[in-house]
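Trainee: Provided below are the primary sequence and the corresponding predicted coordinates.
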Amino acid sequence: MSVDRRTRRRLAASVLVLIVVLGGFLIRLVDIQVVRADQLSQESEARRSIPTTLFGARGDIVDANGVELADTVYRYDITVSPRFVADYTLKDEATGERTQHTVAEALEGIASVTGGDAAQMLATIQDELALDPEDDHAYLVRRVTTEQFQAVRALRIPWVYFDRVAARTYPNGQIAGNLVGFLGTDGPQTGLEYRLNDCLDATNGSATYERGADGVKLPGTTVVQEEPVDGGTLHLTIDSDVQWFTQQTIAEQAIAIGADWATGWVVRVSDGHIIAAADWPTVDPNNVDGTDPDNLGSRSFSEPFEPGSVFKAMTFAALLDAGVTTPGEQIIAPGRYPTIAGYSITDAWAHDDLRLTTTGVLMRSSNTGTSVLSSRLSADERHDYLEAFGIGQETAVDFLGESSGRLRDADSIDGHGTLTQMFGQGVTATSAQIASAYQALANGGVRKPLTLVTGCEHPDGSVTHVPSTEGERAVSEDAADTTIAMLESVATDGAIANLISIPGYRVAAKTGTAEVAENGRYTDERIISVAGVAPADDPQFVVVVTYGKPDTMKTSATAAPTFRAIMTQVLKTFRVAPSTEPAPRLPTTW
Amino acid sequence: MSAVPVTALPRPVRERRAEAAPLEVVATRTQRRARPRAVYAIVGVLGVFGILLAQLMLSIVLSEGAYRITALEAQQLELDRSAQSLGERLNVLDSAQNLAANAESLGMVVSATTPTFLLLSDGSVQGTPRPAGSAGGILEGRDTHVGNVLLSDVPLVTLTTAGGGESVTETGVATPPSSSGSLPSASGGIPSPDTR
């Protein structure tokens, strides 16, 4: 009996102890697994896992043929841990030989590879240490190329580290630099880089991985929290070869005639695509500091000017559309056309009454003749026609800093201005607007939205930022075609015909020599331009060339050779078939 | 009296038994079967060691794989770097400025002002053919005005086998096509073909 009881007691005691111990474990288990689970797992993760940022690459900007105008590349920042900077020993892996290296040697090595200054680097390290002896990070050289990075890495300096950073490069330099824009240290600064950053910008992702004591990544421990998304590829309508030729050609002539600025435009007639939009001077996005801040953007979009007689093409299309004249109508272009009290309109050259046809007025670019004809339209009609050609409104490109120019309506303009406006005086327009207006004339009167970007192609294949292709009719097809035929007289019988004609092709063009107003007065500064289309029998391309304030040669004869060179290059590049019929040669005098 | 024989008697019996035929308790078959055998123990222990060994080998292989993956990833990174740096270089060399300057330096000529086409359908020449001059490069010796700082340290390609290449280009452009019958003379306006 007594033995039994003792056994039972002992049993009960052990069970009790067991329960107490198990209970202790249970409480601890619940405490670890449930109560403090998050905190503990975070602690352990933090101890083992390394968070990393997965960088997405900023999208490229490419031209119509896929030539990269802006490209994302990787550069490397060479950094040191100043507190570890000391002489070191290197062991040659192959021979087992040990060599001693000093800090000075190491810095000299880095400097010789990266083109830096070793003394400067040492000073940086010492400065950092003076501030904080435990300092762990200082930049030695920033943004070195991959080759330089590999060369520095080959030095095997133990206290040197490398950070990979994304950088932007513009392989074509100044080609389309005015349009593409550039990135600064704080991101996009101007141009398409800035305007369409929502297309180009990448979304960074994040991931963690775990690593062992020896720094090797443990297999299968990488956890991607968020995948990075690369930026989209921005497709432009620009042809970089034509863009180069245009920039080169306007630059040569602008320098030769001492112009302050120049623009050259090529637009495809059928869809309003901008093939080239050149500005001189222009920025090399790789070297922004080498450019005057005034020239960082695109003057063709942002700087309207009084365009002068190139406007007359629109005026005559309007007159024909309204049915108030015909190409062969015989009129008198007076030497002086009085408008309002004390004001009158004259021509660039003094003359008595000229017996010109409507075509002749356009070819000779007579302001008085144009005024005689335009006065047949009401002030509202004059305004509305110019507006229909896109004057006074921003183009569909919506470029960064684009100007709408100034077109005054019938209510805010006087009787003089409403007529001068018809030959491009007292009205301002950008090169983009002029090119767009000529596109409408060449396209049978339908003005297509001027297009620079055809879309943004995202990595998943979707395409956004697709522009509208909906055209708007400015004038009737007949009026537009007849205007082109009338403009051919400039290239067949005009004063600069021999400078502007292209053998084998019918060219329709209009010159402009606009006076530049400063402080409310017209000065002897000029803005000269030639705008035209070819081939006139089946218009394919519009070319507009403008020179601002040339010092020598202030006539449109200086812009004509450039126009011809660019147009010829465009016709060759796009294999445009020569004209098959001769120009109509409409009568200009009577 | 009685106690003596009682205590004395069994002793010889016991001794005799031990000396003569020692008896053992023979286990029944079921008992024998139930008894653990050494072979099982050995198998069990070996199995445990085998498993431990396999696990060890597996983890060695795995970690070796991890090192290999790391090494290959490093190699891939290095190759990506090379590809990127070469691609970057190619894009710069591919730029129009560089191509134009090099074409000119190699003596390539172009007829910049008179585009001429040969119609394959009837063999006629469209446009006014004019031979490009010996200095008829696209720049014609003029300075390039479209800058690119990336090209500043890129030398122009020069002809290594001078003689042959140049003579070929010269003969190629020096012969003006003769069949320009379909083109009217340039006397009256822009020369363009008559209707055919």
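Mentor: Good, I have the coordinates.
Trainee: mind pulling up the pLDDT for residue 42?
Mentor: By default, I'm working from chain A. Looking at residue A:42, its pLDDT stands at 82.
Trainee: wrong chain, I was asking about chain B
Mentor: Model confidence at residue B:42, given as pLDDT, is 92.
Trainee: counting neighbours, what do you get for it?
Mentor: Residues within reach of residue B:42, counting by other C-beta atoms under 10 Å in any protein chain shown, total 10. From N, CA and C alone the C-beta is placed, and that goes for glycine too.
Trainee: how close does it sit to residue B:49?
Mentor: 10 Å (C-beta to C-beta, to the nearest Å).
Trainee: excluding sequence neighbours, find me the nearest residue to the residue in chain B that chain A sits nearest to.
Mentor: At 2.4 Å from chain A, residue B:148 is the closest residue in chain B, using C-beta to the nearest C-beta. Excluding its sequence neighbours, the residue lying closest to residue B:148 (C-beta to C-beta, 6 or more residues apart in numbering or on different chains) is residue A:173, at 2.4 Å.
Trainee: surely that neighbour is within a helix?
Mentor: No - under DSSP: H, G, I helix; E, B strand; the rest coil, residue A:173 falls outside any helix and is assigned coil.
Trainee: mind listing what it touches?
Mentor: Applying C-beta atoms under 8 Å, 6 or more residues apart in numbering or on different chains to residue A:173 gives the contacts A:284, A:285, A:286, B:95, B:97, B:146, B:147, B:148, B:149, B:150, B:151.
Trainee: now do the lengthiest helix in chain B: which elements does it pack against?
Mentor: Under DSSP state H, the helix in chain B containing the largest number of residues is helix B:38-93. Using 3 or more C-beta pairs under 8 Å, 6 or more residues apart in numbering or on different chains; DSSP states H and E, the elements in contact with helix B:38-93 are strand A:68-80, helix A:146-153.
Trainee: Throw these into CSV and include distance to chain B and mean pLDDT, thanks.
Mentor: Shown next, in CSV, are those (distance: least, C-beta to the nearest C-beta, whole Å; pLDDT from 0 to 100):
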stretch, distance to chain B, mean pLDDT
strand A:68-80, 5, 89
helix A:146-153, 4, 89
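Trainee: of the ones you listed, flag the one that's most buried.
Mentor: strand A:68-80 (a mean of 21; mean count of other C-beta atoms under 10 Å in any protein chain shown).
Trainee: which SS state does residue A:587 fall under?
Mentor: Secondary structure for residue A:587, judged by three-state DSSP, is coil.
Trainee: from residue A:434, how far off is it?
Mentor: For residue A:587, the distance to residue A:434 equals 28 Å [C-beta to C-beta].
Trainee: of these two, which one has the most company?
Mentor: For residue A:587 versus residue A:434, neighbours defined as other C-beta under 10 Å are more numerous around residue A:434 (33 against 14).
Trainee: now do the SS call for that one.
Mentor: Under three-state DSSP, residue A:434 comes out as helix.
Trainee: quick one: it and chain B, what's the gap?
Mentor: To chain B, residue A:434 is 23 Å away according to C-beta to the nearest C-beta, to the nearest Å.
Trainee: got it, and residue A:87?
Mentor: From residue A:87 over to chain B (counting by C-beta to the nearest C-beta), the distance is 28 Å.
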